[in-house]
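Novice: Mind folding the following:
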Amino acid sequence: MSELPDYVLDPDAVLKDTSAWRYGRAPDYSKTRAFYEKTKTKTHEPGSLPFLVENLVKNWEIEASFKTNLSDWRTIDPDVYTVSMNGGERRTGHHMLEVGTYNALLTASQYYDPAQNSFNDSHKSFKRMMPTFAWEVLEVYSGPPTVVFRWRHWGEMQNDYVGFNSSGEKVKIEAHGGPIDIEGLIVAKVNDKLQVQSLDVWYDPMAMFRQISRESQISSESGSSKCPFVQG
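Specialist: A predicted model of the protein is given here:
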């Protein structure tokens with residue numbers, strides 16, 4: 001295992017990097033990791049394929065959310081890296097740097113619209129609502145160079161949801177304190193360094209919003225103008 005890159009052995013490997021971090025320093029994932037250990041459904045044997053895939057994706061998420069230079073991302077092959085959701089348009093890493101992971105993987109609806117929310121807006125909407133949003137690999141169906149796996153992403157709605165929808169309205173949903181739990185499938189192509197070359201993400205983007213709004217009162221107000229581009 002010593003010959004494998006650290007980002008498939010340690011879920012927090014890239015947090016040790018000296019990089020251009022979005023908020024001036026590496027983020028703190030300690031609460032999310034503690035929540036993961038307490039509520040996960042799978043325990044993967046160290047060195048197993050699910051173990052390696054789970055660590056790779058966790059480090060990828062850190063880099064995609066917080067490293068501002070694509071050249072600093074160690075988990076991807078930057079020359080060819082692309083992401084597609086549900087068979088849609090294939091996007092580059094530079095697109096995700098501009099819009100953020102949430103905006104890259106969500107669609108327009110009565111609850112939220114990536115075109116109406118900047119990178120920073122999206123993180124405020126979801127990270128405030130769910131301060132810990134854990135992720136795990138459930139099953140891996142094939143190994144490199146094409147890795148197919150099923151995943152789970154979960155948290156608790158501890159604070160109100162606030163975001164801008166496809167009509168430009170500000171939507172607020174009261175926190176219900178219950179779980180938000182979604183699953184999906186990813187087809188990932190990796191190179192000989194286990195760096196991601198392409199991600200094809202398959203899931204129901206409305207599953208989260210159905211769980212967010214299940215017991216709460218929804219309010220909206222129009223007339224807000226939001227810039228769809230990252231500021232600063």
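Novice: Residue 157 and residue 167, how far apart?
Specialist: Distance from residue 157 to residue 167, counting by Cβ to Cβ, to the nearest Å: 23 Å. No exception for glycine: its C-beta is placed from N, CA and C like everyone else's.
Novice: Which one of these two is surrounded by more residues?
Specialist: Each of residue 157 and residue 167 has its neighbours counted (other Cβ atoms under 10 Å); residue 157 has more, 23 against 12.
Novice: hang on, isn't the more buried one packed against residue 212?
Specialist: Yes. In this structure, residue 157 is within contact of residue 212 by Cβ atoms under 8 Å, at 6.2 Å.
Novice: by contact count, what packs against the longest helix along the chain?
Specialist: When the chain is parsed with DSSP state H, its longest helix is helix 49-66. In terms of contacts (3 or more Cβ pairs under 8 Å, 6 or more residues apart in numbering; DSSP states H and E), helix 49-66 is packed against helix 101-104, strand 133-142, strand 146-156, strand 179-190.
Novice: Low-confidence bits of this structure, can you list those?
Specialist: 1-2, 215-232 (pLDDT under 70).
Novice: Could you rerun that using 90?
Specialist: Counting by pLDDT under 90, the chain shows low-confidence ranges at 1-2, 19, 23, 214-232.
Novice: need the strands for it, in chain order.
Specialist: Ranges of strands in the chain, per DSSP state E, are 82-85, 91-92, 133-142, 146-156, 161-164, 170-173, 179-190, 196-203, 218-221.
Novice: would you list those strands in JSON lines and tack on distance to residue 102 and mean neighbour count?
Specialist: Formatted as JSON lines, these follow (distance: least, Cβ to Cβ, whole Å; neighbours: other Cβ atoms under 10 Å):
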{"stretch": "strand 82-85", "distance to residue 102": "12", "mean neighbour count": "19"}
{"stretch": "strand 91-92", "distance to residue 102": "14", "mean neighbour count": "16"}
{"stretch": "strand 133-142", "distance to residue 102": "10", "mean neighbour count": "17"}
{"stretch": "strand 146-156", "distance to residue 102": "11", "mean neighbour count": "19"}
{"stretch": "strand 161-164", "distance to residue 102": "10", "mean neighbour count": "23"}
{"stretch": "strand 170-173", "distance to residue 102": "15", "mean neighbour count": "19"}
{"stretch": "strand 179-190", "distance to residue 102": "13", "mean neighbour count": "18"}
{"stretch": "strand 196-203", "distance to residue 102": "12", "mean neighbour count": "19"}
{"stretch": "strand 218-221", "distance to residue 102": "19", "mean neighbour count": "12"}
